[in-house]
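S.K.: coordinates only, sequence not included:
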């Protein structure tokens, strides 16, 4: 008679103490040979299998015996066949359909069938219930461990992309993956701009090198889940409840909230079929309307959208505009060595003043952080000593905690602003020396757009001519370059060293806020 063998090992300890799958298989094979049964197939579930996979394996086994008219199932013990009442009901139904069907529990010396004695069926039900109790208890222990992990500020499961797990079993924590974190940050920056659909963003970050742990491209649904995960700003979502995490965030809470706004459609982003290099950057000089870009027969053209009364009817080609842009960047090239040295000295001096300002601000913020933390500690002591009521404790704890979080966010913002300011100084120096080379090295359109927005305050189209104004910092640079490159005498000693102060370096983005993240991504390169 044909039979199948069903083996299961549920824990590593069982394997290490001799209850391995091979050991079970040998036991069941010997039993089959002794009974003169013919083994049609073996089903095995290892200790590493998930509950979902175990359920799938059980269903597959039951489907196989029904389809192939197998009359006998052999397993080691009751809890090796089923550990829940639902599976037990399925086994009972299978047995009751045909009196020839049997389940053999080798170690328990028990054979269950439709005609089994009531005592045997009672024992079967008791053992199934016991197995169910074991699983329920195990689940409770797991949940208890998860709650404890969350209370400690750590996620009790694998972290999302951009993080790694480190530490020994029972003491594992999640740390930032230094290789993937910059790409994760850029992913949030780009989407926060409202300029990209999920599909387009998936293509960009794939080109940037961001892959799943399986080295695959991030599909749209997975990408949307990542963009919705508060883990990236230092929090944790568990069973739809948000908890504070002890792990380092990759992005700020402010950036995360901006992304949620875009995901929920609060910013009403408009997505185009084609991605144009100058989309949203140029305006009509006559009517101040946006320049619309369209592709015809493989050529990209720009023209005024004529939403207002405007006499401009000319369509211009994208390469012609790019050529004029390059001319504008070329005009920033410094040929005079003395001017180059002056720019370097100015940036160094500005950097020193920035460091002093940054240090002073951080010192004050850290003092405030220590002060509020001390208040929280004292509050706790007063609560333990019963000096204050529970209501007073909860109210003040909430107040101090909010103040603490606000200070921590200010420290993060200060650090980010400091890094961007330093990078901006480097970019000014680079563009004064090799601006065209910097532009040509930008492979992605987003990076080129960031460079435009960094160097130019406005880009206006007057017919087929581009009229541009440099941003404040680059206007100063252009004036110095114009004087030195035209052989006019430039009295550098009379130029102030604070000419590139932060107020001058600040880019006016009231018209093009969407490109802030592109600037940030470029500055990090």
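M.R.: The structure has been received and is ready for your questions. Computed from a predicted model, the values in this text were never measured in an experiment.
S.K.: which pLDDT value does the model give the closest residue to residue 467 other than its chain neighbours?
M.R.: Closest residue to residue 467 apart from its sequence neighbours, by CB to CB, 6 or more residues apart in numbering: residue 460 at 4.4 Å. (Each C-beta comes from the backbone N, C-alpha and C, glycine too.) For residue 460, the pLDDT comes out at 88.
S.K.: same deal with residue 446?
M.R.: The per-residue pLDDT reported for residue 446 equals 69.
S.K.: please apply the same query to residue 89.
M.R.: For residue 89, the model assigns a pLDDT of 84.
S.K.: how close does it sit to residue 30?
M.R.: As judged by CB to CB, to the nearest Å, residue 89 and residue 30 stand 31 Å apart.
S.K.: coming back round to it: pairing partners for the one helix or strand the residue nearest to residue 467 maps to, with directions?
M.R.: Assigned by DSSP states H and E, residue 460 falls within strand 456-462. In the sheet, strand 456-462 lines up against strand 283-284 (parallel), strand 465-470 (antiparallel) (DSSP bridges).
S.K.: helices or strands up against the host helix or strand of residue 256?
M.R.: Using DSSP H and E, residue 256 falls within helix 253-263. If you count contacts as 3 or more CB pairs under 8 Å, 6 or more residues apart in numbering; DSSP states H and E, helix 253-263 packs onto helix 181-192, helix 220-227, helix 390-440.
S.K.: hmm, back to that, in contact with the residue nearest to residue 467, which residues?
M.R.: By CB atoms under 8 Å, 6 or more residues apart in numbering, residue 460 lies in contact with 282, 283, 284, 285, 466, 467, 468.
S.K.: which residue packs closest to the first one, ignoring adjacent ones?
M.R.: Leaving aside its sequence neighbours, residue 282 sits nearest to residue 291 (CB to CB, 6+ apart; 4.0 Å).
S.K.: contacts for the helix or strand where that neighbour lies next, please.
M.R.: Using DSSP H and E, residue 291 sits in strand 291-296. The contact list for strand 291-296 (CB under 8 Å, 6+ apart) reads 274, 276, 278-279, 282-284, 300-305, 318, 461.
S.K.: list the pairing partners of that strand within its sheet, with orientation.
M.R.: Strand pairing (DSSP bridges) places strand 291-296 next to strand 299-304 (antiparallel).
S.K.: for the strand it pairs with, the averaged confidence score.
M.R.: On average, strand 299-304 scores 86.
S.K.: identify each buried residue in it, please.
M.R.: Residues 300, 301, 302, 303, 304 are the ones in strand 299-304 that count as buried (16 or more other CB atoms under 10 Å).
S.K.: which residues sit against that strand?
M.R.: For strand 299-304, the surrounding residues in contact (CB under 8 Å, 6+ apart) are 274, 276-278, 282, 284, 286-287, 289, 291-295, 310, 312-318, 321, 461.
S.K.: narrow the residues you listed to those in helices?
M.R.: Counting by DSSP state H, those place 318, 321 in helices.
S.K.: for ChimeraX, what selects the buried ones among the contacts of strand 299-304?
M.R.: Entered in ChimeraX, the line below selects the buried ones among the contacts of strand 299-304, by 16+ other CB under 10 Å:
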select :276,277,278,282,284,286,287,289,291,292,293,312,316,318,321,461
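S.K.: in stretch 404-411, which residues are buried?
M.R.: Neighbour-count burial for stretch 404-411, counted by 16+ other CB under 10 Å, picks out 404, 407, 410, 411.
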